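In: Output the structure for:
(2 chains)
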Number of protein chains: 2
Amino acid sequence: MDPESHLYERVAAHVAGLIERGVLRPGDRVPSVRRLSVQQGVSVATVIQAYLHLEGGGLIEVRPQSGHYVRRRPAVVLPEPRAPRTSTTATRVSVAGLVAKVYGASRDPHIVPFGAAYPSPELLPTERLNATLARVARASGAVGVSYDPPPGCPALRRQIARRSIEQGCALTADDLVTTVGAMEALNLCLRVVAQAGDTVAIESPCYFGVLQMMESLRIKALEIPCLPGAGMDLDALEEALATHRVRACLMLPTISNPLGSAMTDAAKQRLVEMLARREIPLIEDDIYGDLYFGPDRPRPAKAFDRDGLVMLCSSFTKTLAPGYRVGWAAPGRFREQVEQLKFAQSVATPTLPQLAVAEFIENGGHEHHLRGLRRKLAAQVAQVSAAIADHFPPGTRVSRPAGGFVLWVELPPGTNALELHARALAQGISIAPGPIFSAKPRFANCIRMSCGYPWSDLLAHGVRTLGRLAREVADAA
Amino acid sequence: MDPESHLYERVAAHVAGLIERGVLRPGDRVPSVRRLSVQQGVSVATVIQAYLHLEGGGLIEVRPQSGHYVRRRPAVVLPEPRAPRTSTTATRVSVAGLVAKVYGASRDPHIVPFGAAYPSPELLPTERLNATLARVARASGAVGVSYDPPPGCPALRRQIARRSIEQGCALTADDLVTTVGAMEALNLCLRVVAQAGDTVAIESPCYFGVLQMMESLRIKALEIPCLPGAGMDLDALEEALATHRVRACLMLPTISNPLGSAMTDAAKQRLVEMLARREIPLIEDDIYGDLYFGPDRPRPAKAFDRDGLVMLCSSFTKTLAPGYRVGWAAPGRFREQVEQLKFAQSVATPTLPQLAVAEFIENGGHEHHLRGLRRKLAAQVAQVSAAIADHFPPGTRVSRPAGGFVLWVELPPGTNALELHARALAQGISIAPGPIFSAKPRFANCIRMSCGYPWSDLLAHGVRTLGRLAREVADAA
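Out: Numbers count the residues shown, from 1 in each chain, chains lettered A, B, ... in the order given. Coordinates of the predicted model:
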């Protein structure tokens, strides 16, 4: 998408951001069309289009003869979901069957896409990135068809290292190993520090892909509550470490999935020090780290690592191109083992996608793209959240993510999320049901909804339908 | 490489093939320049160039006033290496450290490349393939940046299925899962059927990448002798199965690595039936299968599978583009588990390289390319083999591969291959020392030499230098 051609979306995202951050509160009057047009340096027509867009999304409303106001919602702002209890036992993971059942049926391209967490291709620099890959492929000659052995593409590692400095981690290209997406990076790091039968501490709720990975490696999960606002409950973690032999901790400190919660710098420092005292590696999944909604890029926990025990993993999957499968790990003191295991697992990462991403970061307006993407995602999350407040049954709770593009929704007690998932799928709507986010029988009345697509009538209809189905399922309970 | 611009190489490869297959024997007169020019429909100048090329490679010699003759070699034909003894115990694998030491130092692009087994980019359709990827990338739009979830690219799976029919396996697209090269395919299949602590039967000598993979999964190796002419010793395997609890068998029945040996159809059938009686899965690595030197494509063992127990794995790494990392598995009755594990290990295979390979196979003259590649590799193998006979110390044995592009060289007893590797590397020559091809202390006096590059003065000098160093190392023993 050319950013210039959708100026109104940027203006809408700006206002949605003010609402999301609480600068503008329900019932507040939003700036007049004329004032915002001057403020933002755009035409009156653009502001009108932006306000129509926000109105369609349920974020603002028109009061005739008076102006635009932030919409008062029935429940004003929904409360946040409740944290699960602390686990007292490590659990053998067995979710793959359920995940396959849930996801196997949902590959219909016409489905309303609240299920899988990926950004719509129209939010990504699709044409420019593919053109970059095409140019790189034509120019590459023998390099393009040849192996790029671990640690992987030097040009890409230099770009990642350069960006890491701006984020408070002084990584060098030599600290990095490139991988087939973040999932391979997490796999390699986990396999280096834990074996079958070992226990690893994770967040609860936890992204089901991580649970499947642990299941495939026969690693037991010790689920530590993730607090909606604050990320992993560090008191609970400290207690768990005192009573369990934990081999590693795997988590998303900056922006978690599915809760979208964020740890403060102080909490990250405490976490890193707590683990370092026990020589426990921290596998830090930073895949949503660039998608923060606040003013500044939060530092990864890796920025507080003094012992080489933090294994930072990320990718360009959520920000540039899921299909390119370009990820990386900064495995600290385990770098050499990760590099060896990478060779044994997949020999090398494909050469040309790495070169294309490296060139795009260097020349393609990467930071500009990220700024726009963050604004759009913040607006999309706010719009879906508002629609949930309007249409879901009383007693619904919803997360307030610090970034990323998923919402964690707690339905009224007794609402069967698996049943809701099945009924929604029958109506052409995909969601991710809560039970796949834990190795324990948890989150039976929760769902994750992805907000990776721009707000549209289709999505509005989807949320309304989900609300109706949720009532039906709750009533049947 | 444009096949038209190197016509002489095709003529040279034709003659080298006649020599390799014994149609022309040492001392035989080769066809006159004029006769071959008529036979092959090429100019006299092209034949002269071809003969110069073969002469440079040591395959033929000029006798003044008489013509060109197949060169008589000192030892005529070197004997084949001896098979190792049968293992009586399964071995915990620990080769990664040695492999890293051996390969870590050899990434100098100016090195004489007898070490790693990949084809020279000039033998591959490099420009056409990169141009195909460029075209596909530009045309792909949202598809190119989007996930291609397991089982992977439908267009590619259709092409693989179509080719499999010609090879005696009636696979359908639904039988296949695409992967990041054959190594990921082998990993997934092995992880589905064996766990840490289990025993898996493999060939001895065995490609070190497979050993590293088993080490990383903590799977024990039961090494069954691979016989130079015939592939795995099935009597030895049968005996081992009677005395060990073997979880799976992983091997290269069609063209093995490093020996280049080939099982007959009858042996493949016996193998498949022997394993099926015991319900033991066969993980069949067919990565060199398209690079046979004989007249016809040998059938994979999968062609004899009646029980869905053969898990066929391959890739386009050795024939099209190592750096594209496009591989696949046909896991038989384990397809669903492989697909789930693929998601948990790397989510998806990169989209665009798969689409490019699919389009190349459909439109790019793939079979024509393979025919030329096989001819060239056969000639290169013959040339390196002849040069070894000329320059290596008496008592050297060398394999006679049925395809592929590696030679297994057994040096006189007492010659330390690790020492030879170190001295060769100091001279800018890479080889793969024998000890990395076994989990046991074996093959101390063996080396693997890759013939993936066209014969040249550099290679000729490399073989001469290796011969001299081998004598020095043998003398020092």
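In: which of the residues in stretch A:70-88 are buried?
Out: Neighbour-count burial for stretch A:70-88 flags A:70-71, A:73, A:78, A:80-81, A:83-84, A:86-87 (criterion: 16 or more other C-beta atoms under 10 Å in any protein chain shown). Quick note: C-beta positions are derived from backbone N, CA and C, even for glycine.
In: now, which of those lie within helices?
Out: Using DSSP state H, no member of those falls in helices.
In: So which of these is the closest to chain B?
Out: Nearest to chain B out of the buried residues of stretch A:70-88 is residue A:87 (C-beta to the nearest C-beta; 21.7 Å).
In: my read: that closest one touches residue A:220, true?
Out: No - under the criterion of C-beta atoms under 8 Å, residue A:87 makes no contact with residue A:220, lying 10.5 Å away.
In: still on that earlier bit, of the buried residues of stretch A:70-88, closest to residue B:362?
Out: residue A:81 (50.0 Å; C-beta to C-beta).
In: which ones are touching that closest one?
Out: A:228, A:259, A:397-399, A:408-410, A:446 (C-beta atoms under 8 Å, 6 or more residues apart in numbering or on different chains).
In: With adjacent residues omitted, what lies nearest to it?
Out: Of all residues not flanking residue A:81 in the chain, residue A:410 sits nearest, at 3.8 Å (C-beta to C-beta, 6 or more residues apart in numbering or on different chains).
In: So residue A:203, which state does it fall into?
Out: Three-state call for residue A:203 (DSSP: H, G, I helix; E, B strand; the rest coil): strand.
In: so what's it up against?
Out: Going by C-beta under 8 Å, 6+ apart, residue A:203 touches A:223-226, A:231-232, A:251-252, A:256, A:259.
In: is it in a bridge, and if so with what?
Out: Applying DSSP bridges to residue A:203 yields these beta-bridge partners: residue A:224.
In: Could you see whether chain B lies near the helix-or-strand element of chain A with minimal mean pLDDT?
Out: Within chain A, no helix or strand scores below helix A:96-104, which has a mean of 75 by mean pLDDT, DSSP states H and E. Yes - applying C-beta under 8 Å from any C-beta of the partner chain, one finds helix A:96-104 touching chain B at A:96, A:100.
In: And for stretch A:444-463?
Out: No - judged by C-beta under 8 Å from any C-beta, stretch A:444-463 stays clear of chain B, getting no closer than 11.4 Å.
In: Which positions within that stretch qualify as buried?
Out: Of the residues in stretch A:444-463, A:444-455, A:459-460, A:462-463 count as buried by neighbour count, 16+ other C-beta under 10 Å.
In: In CSV: the contacts of residue A:81, plus secondary structure, distance to residue B:44 and pLDDT.
Out: Formatted as CSV, those follow (DSSP: H, G, I helix; E, B strand; the rest coil; distance: C-beta to C-beta, whole Å; pLDDT from 0 to 100):
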residue, secondary structure, distance to residue B:44, pLDDT
A:228, coil, 83, 84
A:259, coil, 78, 96
A:397, strand, 87, 95
A:398, strand, 83, 95
A:399, coil, 80, 95
A:408, strand, 78, 97
A:409, strand, 81, 97
A:410, strand, 85, 96
A:446, strand, 81, 97
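In: Which one (most neighbours) among the residues you listed?
Out: Neighbours here mean other C-beta atoms under 10 Å in any protein chain shown. Within the contacts of residue A:81, the largest count is held by residue A:259, at 32 neighbours.
In: Could I get the contacting residues of that residue?
Out: Contacts of residue A:259 by C-beta under 8 Å, 6+ apart are A:81, A:203, A:205, A:226, A:228, A:231, A:399, A:401, A:408.
In: one step back: just the ones in strands from the buried residues of stretch A:444-463, please.
Out: A:446-450 (DSSP state E).
In: So for stretch A:389-408, what gets flagged as buried?
Out: A:389-393, A:395-408.
In: Partner strands of the next helix or strand after the least confident helix or strand of chain A, with direction?
Out: Next helix or strand after helix A:96-104 toward the C-terminus (DSSP states H and E): strand A:112-113. Applying DSSP bridges, strand A:112-113 is found paired with strand A:429-430 (parallel).
In: Show me what the following helix or strand past the strand it pairs with is packed against.
Out: As assigned by DSSP H and E, the chain's next helix or strand after strand A:429-430 is strand A:432-433. Applying 3 or more C-beta pairs under 8 Å, 6 or more residues apart in numbering or on different chains; DSSP states H and E, one finds that strand A:432-433 contacts helix A:417-426, strand A:446-450.
In: starting at the chain centroid, how far to strand A:432-433?
Out: Relative to its parent chain, strand A:432-433 has a centroid offset of 15 Å by C-alpha atoms, centre = their mean, to the nearest Å.
In: now stretch A:219-230
Out: Chain-centre distance of stretch A:219-230: 16 Å, with C-alpha atoms, centre = their mean.
In: May I see the buried residues of it?
Out: Within stretch A:219-230, the residues that count as buried by 16+ other C-beta under 10 Å are A:219-228, A:230.
In: With respect to residue B:356, which of those is nearest?
Out: residue A:219 (36.2 Å).
In: correct me, but that closest one touches residue A:199?
Out: Yes - at 7.4 Å, residue A:219 counts as touching residue A:199 under the criterion of C-beta under 8 Å.
In: Can you check which residues contact both of the two?
Out: residue A:247.
In: Reformat the buried residues of stretch A:70-88 as JSON lines; add pLDDT.
Out: Output for the buried residues of stretch A:70-88, formatted as JSON lines (pLDDT from 0 to 100):
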{"residue": "A:70", "pLDDT": "88"}
{"residue": "A:71", "pLDDT": "80"}
{"residue": "A:73", "pLDDT": "61"}
{"residue": "A:78", "pLDDT": "82"}
{"residue": "A:80", "pLDDT": "89"}
{"residue": "A:81", "pLDDT": "89"}
{"residue": "A:83", "pLDDT": "83"}
{"residue": "A:84", "pLDDT": "83"}
{"residue": "A:86", "pLDDT": "72"}
{"residue": "A:87", "pLDDT": "70"}
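In: From the recorded domain assignment, give the ranges for chain A.
Out: Split into domains by automatic domain parsing, chain A comes to A:3-70, A:96-122+A:368-476, A:134-366.
In: List the contacts of the nearest residue to residue A:142 once chain neighbours are set aside.
Out: Among residues not flanking residue A:142 along the chain, residue B:121 sits closest, at 3.5 Å (C-beta to C-beta, 6+ apart). Applying C-beta under 8 Å, 6+ apart, we find residue B:121 in contact with A:141-142, A:145-146.
In: which among those end up buried?
Out: A:145-146.
In: Closest to residue A:190 out of the contacts of residue B:121?
Out: Distance to residue A:190, by C-beta to C-beta, is smallest for residue A:146 among the contacts of residue B:121, at 29.5 Å.
In: how much space between that closest one and residue A:354?
Out: Residue A:146 is 12 Å from residue A:354, where distance means C-beta to C-beta, to the nearest Å.
In: same question, residue A:160
Out: Counting by C-beta to C-beta - residue A:160 and residue A:354 are separated by 10 Å.
In: Between these two, which has more neighbouring residues?
Out: The neighbour comparison of residue A:160 against residue A:354 (other C-beta under 10 Å) goes to residue A:354, with 27 against 23.
In: residues in contact with the residue nearest to that one when sequence neighbours are not counted?
Out: Excluding its sequence neighbours, the residue lying closest to residue A:354 (C-beta to C-beta, 6+ apart) is residue A:153, at 3.8 Å. With contacts defined as C-beta under 8 Å, 6+ apart, the neighbours of residue A:153 are A:178, A:349, A:351, A:354-355, A:358.
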